[in-house]
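[1] Any chance you could fold what I've pasted below:
(chains A, B, C and D)
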2 protein chains.
Amino acid sequence: MLYAGFMSAALPPFPKPQETAGPPELLQVGTGTEEEPCLRADAARNRARLLEAAARLVAEHGAAGVTMEAVAAAASVGKGTVFRRFGDRTGLLMALLDHSEKKFQAALLGGPPPLGPGAPPVERLRAFGCAMLRRSIDEMDLQLAAEPSAERRYTSAPRRFLRGHVALLLRQAVPDGDSELLSHTLLAYLDAALVHHLTEQCGVPPARLQAGWLDLVARVTRTEHPA
Amino acid sequence: MLYAGFMSAALPPFPKPQETAGPPELLQVGTGTEEEPCLRADAARNRARLLEAAARLVAEHGAAGVTMEAVAAAASVGKGTVFRRFGDRTGLLMALLDHSEKKFQAALLGGPPPLGPGAPPVERLRAFGCAMLRRSIDEMDLQLAAEPSAERRYTSAPRRFLRGHVALLLRQAVPDGDSELLSHTLLAYLDAALVHHLTEQCGVPPARLQAGWLDLVARVTRTEHPA
DNA sequence: AAATTAAACGGACCTCGGTCCGGATCCTTT
DNA sequence: AAAGGATCCGGACCGAGGTCCGTTTAATTT
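    This next block holds a predicted model:
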């Protein structure tokens, strides 16, 4: 069931939808946060409305134009409802990325190689990076806008999943070595903000970024470059 | 003259102190933004007051307690003055780190080896990372609070300086290889937010972080581990 | 079908970062 | 020393994120 929507639990009075804990140091894939735990009818309807409205606003005015009040108004819903459902602005933006996220996770877990299982780990790492780069470039504005504050940046469910995946591959490809730490390093190269900076502000062409990834993987795994 | 205060120019009506451009792709060290261009007497006095007040607030309530209004009040100064001088909250916080920053830069440029010049590049890289880790751990709250928004994260003068330094060492240590991109990767490992996450939220001991750095440098430069 | 209760709703309200501009203040010029 | 002009000051103002709580509504029980 993949990881299934990273924040959507319905909690007592108002407290923001927290992370449903999960195992403290999960190395498994599927970060287990359960799907919407049976939203009430009206709640589900409003949630859908809000997502639709938010998506429309993004399409029209870019991610920067997605104001919590604007979304609420566009969905004919109270402001409080938006926060109740998504916790905060970041949560709403992440929910917008959820679909793409789930598809990507599915490809990693069960898709065809080399992205999915079946190929040797180093090859899967290469493919992973290239796919991530594409994704980052495509959904740039949203990815940037959805970035959590510094304290939570590394604890979001999608991030944890990706890191777990990379760490898994690294454990196979680099048995000697701190896969946990190395996985952070590799993921950092694919960070949306960095990719944005390099491509938009420094004019680095995507091909160079991709070559850089292949080179980085080769160095970290101490392998040779692919042909 | 190092890089000398990353933002402090006095500009016409109000526009925020911008980056004074600088060469588009400077690979030199000393990122040239000139010192306070002769602040008016009252302006200089207020600037000092503000920094002092801000430092006191940090000491008392942590970086989170540094509110622009609070700083203004504590310095007996108008709110607008704070913004005029420092541009925005990030600018104020960065100014607080400026002293430590300059000292660090001096150590890199002219201090004793292996941090300063005189040691082989790989050794300097190792020392650089260890020093950065210490710094990150010491000034954690401030570093986190001073982090710019995603769009500007990679364009701040201190960041550019550090990246230039690492890229310089990498060009010597790894002539074959995209030093620009690799320098981003190495710096990412030392990112304050990541260090915070690992040490505070994951309980990773600093020694492991340091070992991870040495290992990373070894892999990236394709050298052996030090004894 | 009425009563009950847990959950959801909505919008007033608060805080804080950031902007504006009329007026005060400091340097220069003569 | 007086005037003139550039710079700076201050605090009212605005927008947006986030919270609170009295009210409404959907599920459940009897």
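
[2] so what's the nearest residue to residue A:213 once chain neighbours are set aside scoring on pLDDT?
    Leaving aside its sequence neighbours, residue A:213 sits nearest to residue A:129 (Cβ to Cβ, 6 or more residues apart in numbering or on different chains; 4.0 Å). (C-beta placed from N, C-alpha, C; glycine too.) Note on residue A:129: pLDDT of 98.

[3] Show me how far the helix or strand containing residue A:129 is from its chain's centre.
    Under the criterion of DSSP states H and E, residue A:129 resides in helix A:121-138. Centroid displacement of helix A:121-138 relative to its chain, using Cα atoms, centre = their mean, to the nearest Å, is 13 Å.

[4] Are the helix or strand following it and chain B in contact anywhere?
    Downstream of helix A:121-138, the next assigned helix or strand under DSSP H and E is helix A:140-145. Yes: judged by Cβ under 8 Å from any Cβ of the partner chain, helix A:140-145 comes into contact with chain B through residue A:144.

[5] Using PDB, list the CA coordinates for helix A:140-145.
    Below are the C-alpha coordinates for helix A:140-145, written out as PDB (Å, rounded to 0.1, in the frame of the first residue of the first chain):
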ATOM      1  CA  MET A 140       9.900  22.700  -9.700                       C
ATOM      2  CA  ASP A 141       7.600  25.500  -8.400                       C
ATOM      3  CA  LEU A 142       5.500  23.100  -6.400                       C
ATOM      4  CA  GLN A 143       8.400  21.300  -5.000                       C
ATOM      5  CA  LEU A 144      10.000  24.500  -3.900                       C
ATOM      6  CA  ALA A 145       6.900  25.900  -2.400                       C
END
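
[6] wait, isn't the residue nearest to residue A:213 in contact with residue A:188?
    No: with contact defined as Cβ atoms under 8 Å, residue A:129 does not count as touching residue A:188 (11.6 Å).

[7] Can you list the buried residues in stretch A:74-85?
    A:74, A:75, A:77, A:81, A:82, A:83, A:84, A:85 (16 or more other Cβ atoms under 10 Å in any protein chain shown).

[8] just checking, what packs against the helix or strand where the fourth one lies?
    Per DSSP H and E: residue A:81 is located in helix A:79-86. If you count contacts as 3 or more Cβ pairs under 8 Å, 6 or more residues apart in numbering or on different chains; DSSP states H and E, helix A:79-86 packs onto helix A:41-61, helix A:68-74, helix A:89-110.

[9] What average pLDDT does that helix get?
    97.

[10] what's the angle from that helix to helix A:41-61?
    100 degrees (axes from the mean of the first three to the mean of the last three Cα atoms, to 10 degrees).

[11] Would you enumerate the residues in contact with the residue nearest to residue A:213?
    Going by Cβ atoms under 8 Å, 6 or more residues apart in numbering or on different chains, residue A:129 touches A:186, A:189, A:190, A:210, A:213, A:214, A:216, A:217.

[12] So the fifth one sits against residue A:128, correct?
    Spelled out, it's residue A:213. No: look at residue A:213 against residue A:128 with Cβ under 8 Å: they stay out of range, at 9.1 Å.

[13] And these two? Which one has more around it.
    residue A:128 (25 against 22; other Cβ atoms under 10 Å in any protein chain shown).

[14] Could you grab the helix/strand/coil label for the spatially most central residue of chain A?
    Nearest to the mean C-alpha position of chain A, counting by Cα atoms, centre = their mean, stands residue A:158 at 4.1 Å. Assigned by DSSP: H, G, I helix; E, B strand; the rest coil, the conformation of residue A:158 is helix.

[15] What parts of chain A come near DNA strand C?
    Contact residues (Cβ under 7 Å from any atom of the strand) of chain A with DNA strand C: A:10, A:12, A:14, A:39-40, A:42-43, A:45-46, A:76-81, A:83-85.

[16] try it again with 6 Å
    A:10, A:12, A:39-40, A:42-43, A:46, A:77-81, A:84-85 (Cβ under 6 Å from any atom of the strand).

[17] which of these sit farthest apart?
    Distances among the residues of chain A next to DNA strand C were taken as Cβ to Cβ; the most separated pair is A:12 and A:77, at 20.6 Å.

[18] Residue B:88 versus the residue nearest to residue A:213, what's the distance?
    Distance, residue A:129 to residue B:88, using Cβ to Cβ, to the nearest Å: 34 Å.

[19] Domain map for chain A?
    For chain A, automatic domain parsing gives the domain ranges A:40-96, A:111-227.

[20] out of the buried residues of stretch A:74-85, which touch DNA strand D?
    Checking the buried residues of stretch A:74-85 against DNA strand D (Cβ under 6 Å from any atom of the strand), the matches are residue A:83.

[21] Need the max-distance pair from the buried residues of stretch A:74-85.
    Longest distance between any two of the buried residues of stretch A:74-85 is 17.0 Å, between A:74 and A:84; criterion Cβ to Cβ.

[22] Any idea which residue of chain A lies closest to chain B?
    Chain B sits closest to residue A:188 of chain A, with a gap of 3.4 Å, by Cβ to the nearest Cβ.

[23] Quick check: that residue touching residue B:188?
    Yes: under the criterion of Cβ under 8 Å, residue A:188 makes contact with residue B:188 at 3.4 Å.

[24] who touches both of these two?
    What both residue A:188 and residue B:188 touch, as defined by Cβ under 8 Å, 6+ apart, is the set A:194, B:194.

[25] Now do the SS call for residue A:38.
    Per three-state DSSP, residue A:38 ends up coil.

[26] and the gap between it and residue A:83?
    Distance of residue A:38 to residue A:83, given as Cβ to Cβ: 20 Å.

[27] And residue A:214, by the same measure?
    Residue A:214 is 43 Å from residue A:83, by Cβ to Cβ.
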